[in-house]
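>>> coordinates for the following, if possible.
(4 chains)
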Number of protein chains: 2
Amino acid sequence: MTIQTKTPVAGIAGSDDPTLYGRIAGDLRQEIAEGKHAVGGRLPTEAALCERYGASRYTVREALRELIDLGLIERRQGAGSKVIADKPRTSYINSMRTLSEFSQYAQDTFFDIRDVTMVRLSEEIAPMISAPPRSMWLRISGIRLNAERNDAICHTAVHVHTRFAPLLEDVKGSKGPIYAIIEERSGEVIAEATQEITAKPMPAWCAPELGVKPGSPAMCFVRRYLDESGGIMLASINWHPAERSSYVTTIRRGDWHP
Amino acid sequence: MTIQTKTPVAGIAGSDDPTLYGRIAGDLRQEIAEGKHAVGGRLPTEAALCERYGASRYTVREALRELIDLGLIERRQGAGSKVIADKPRTSYINSMRTLSEFSQYAQDTFFDIRDVTMVRLSEEIAPMISAPPRSMWLRISGIRLNAERNDAICHTAVHVHTRFAPLLEDVKGSKGPIYAIIEERSGEVIAEATQEITAKPMPAWCAPELGVKPGSPAMCFVRRYLDESGGIMLASINWHPAERSSYVTTIRRGDWHP
DNA sequence: TTTGCATTGTTGTCCAGACAAATTGGGAGA
DNA sequence: TCTCCCAATTTGTCTGGACAACAATGCAAA
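Numbering: from 1, shown residues only, chains lettered A, B, ... in the order given. Got it, this is the predicted structure:
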């Protein structure tokens, strides 16, 4: 006869949990970690677990809820509990409340618009915003200034899909980021945004406006705002003198729930 | 007599929710958004809500659970429900399952360690990693190569807190990112990481190793890995030739799971 | 064979009640 | 006045039951 030594999986509250649903959840986590319930397979039904532990449905459901929050199982009415992972997700997240926290400069800055025109994309910038060359876009370009309006932060060229052009007739006098105006007036929602950062020498055509020498170190931020189907709603190209800017992101370990 | 037009707050499922707890949660979200329950204040007790809606405690608690998940309230046994925010926690999230997705180059690359020494931080790099000048750190420096080991990606200098130095005696022969080794061997967990990106001319002392000219455009990535109490566990300084690298981040509208 | 339907199993929603545990506030005693 | 303790309030845990909604399965009919 062999004595089975239970080696509890690290981080799983075992039989010391004061609550019954905590212990049930711990047991199930252990069983999933051990492979007793394979990923893709099914967990016992609520009724079966009720009988096994002599617990009420409430208690069992509370335990299963914990496994859902850990990302271990998925439940569908009528179907059952499917095991979708054998270890809890430890996700590192960088969450932001608003889109403007993505582009760090949106708050407390002023966009001095100097030009609004329909343009045909050159071979050079079309790939930057992932649009077909020679397609037409509304370009809104200018200089972003600090709140006191005495210092230039960057040169910005926003390219907006032509279907939004009628909404932006008065863009020069408006406040706030352009994507917000489009979201508000069109009712369309930005589903995804990407940002690409590259270091390049400052181009000659915008160096004077920023008061730096052409060829000096610079960072180019390209932000693309996409709709639900992945189409580009607008994209902005931003040139920052290097000595005035750095880009910081923070992520935190999330043991949480979404 | 004025007709009060109820303008539902965007994104809140209103009276069309088929479930009772969903409608209760919607009402409460609306009231919080409107400021009827101020941040820092208290929500009505479960008993009060039960009476107001003629619902059972189960139903009311289910509604309150939704507000907890949204990060709007906080509950403590015996105390009550405190309002801690007036809008849901995150609209846009950039989530990653692992830390290595943060530094995009960790996968499929090889870290060719060329030097491991205890160093005293200079006045120049101490502020880069937010450490006191002249403090002692273990510096592990070298070149990160692509998977085929025929092309240099960047120059990396990892500064590790001295308390981990004994764990890294054999670091030269080990695989995987250094923070992972430290997490595994020390048991300490990285709670937060920050990354700072700046554009600067390539320094002369690492230009030759990367095969580029000193002063050419470059990006400097500084990553800091912090423990629970905010102390720096390790920090890395990475110099990338600009023409070989760009940094991309994507965020999604996140109403739910990552 | 394929389509449609009914049956059965499973989870979702909801109720009423009970006791436990934590917090809070006020009153009695030092 | 200050401290300690008790009692009321409030949320946490748990039971038992009921019906609804959805999914899967097998059977019957086309």
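
>>> what number of residues lie near the closest residue to A:Cys206 other than its chain neighbours?
Using Cβ to Cβ, 6 or more residues apart in numbering or on different chains and skipping the chain neighbours, the partner closest in space to A:Cys206 is A:His155 (4.1 Å). From N, CA and C alone the C-beta is placed, and that goes for glycine too. A count of neighbours around A:His155, defined by other Cβ atoms under 10 Å in any protein chain shown, yields 24.

>>> so who does A:His155 touch?
Taking Cβ atoms under 8 Å, 6 or more residues apart in numbering or on different chains, we find A:His155 in contact with A:Ser141, A:Gly142, A:Ile143, A:Arg144, A:Cys206, A:Glu209, A:Leu210, A:Asn238, A:Trp239.

>>> the fifth one: neighbour count?
The one in question is A:Cys206. Neighbour count of A:Cys206, defined by other Cβ under 10 Å: 20.

>>> and it, backbone torsions?
Per-residue torsions, A:Cys206: phi -120, psi 0 (degrees, to the nearest 10).

>>> over to the third one?
When quoted as degrees, to the nearest 10, the phi and psi of A:Ile143 stand at phi -120, psi 130.

>>> do the same with the first one
The phi and psi torsions at A:Ser141 (degrees, to the nearest 10) take the values phi -130, psi 160.

>>> name the element the closest residue to it other than its chain neighbours belongs to?
Spatially, and ignoring its direct neighbours in sequence, A:Ser141 is nearest to A:Ala157 (4.1 Å; Cβ to Cβ, 6+ apart). In the assignment (DSSP states H and E), A:Ala157 maps to strand A:152-161.

>>> that strand: what's the following helix or strand?
helix A:178-186.

>>> ok, the closest residue to DNA strand D within the stretch 51-200 of chain A to A:Thr45 distance?
Closest residue of the stretch 51-200 of chain A to DNA strand D, Cβ to the nearest atom of the strand: A:Gly78 (2.2 Å). Note on A:Gly78: its distance to A:Thr45, by Cβ to Cβ, to the nearest Å, is 11 Å.

>>> check A:Asp151 too.
65 Å.

>>> do A:Val60 as well
A:Val60 is 9 Å from A:Thr45, by Cβ to Cβ.

>>> more neighbours, those two?
Neighbours were counted for A:Val60 and for A:Thr45 using other Cβ under 10 Å; A:Val60 has more, 25 against 12.

>>> residues shared between the contacts of A:Gly78 and A:Thr45?
Common neighbours of A:Gly78 and A:Thr45 (Cβ under 8 Å, 6+ apart) do not exist.

>>> strands of chain A, start to end?
For chain A, the strands defined by DSSP state E cover A:73-76, A:80-83, A:91-96, A:109-120, A:136-146, A:152-161, A:192-201, A:217-226, A:232-241, A:247-254.

>>> the first one close to chain B?
No: Strand A:73-76 does not reach chain B (Cβ under 8 Å from any Cβ of the partner chain); its nearest approach is 10.1 Å.

>>> that strand pairs with which strands?
Strand pairing for strand A:73-76, determined by DSSP bridges: strand A:80-83 (antiparallel).

>>> quick one: least confident helix or strand in chain A?
When each helix and strand of chain A is scored by mean pLDDT, DSSP states H and E, strand A:91-96 comes last, with a mean of 68.

>>> ok, for A:Asp108, nearest residue in space, not its chain neighbours?
Excluding its sequence neighbours, the residue lying closest to A:Asp108 (Cβ to Cβ, 6+ apart) is A:Ala147, at 4.5 Å.
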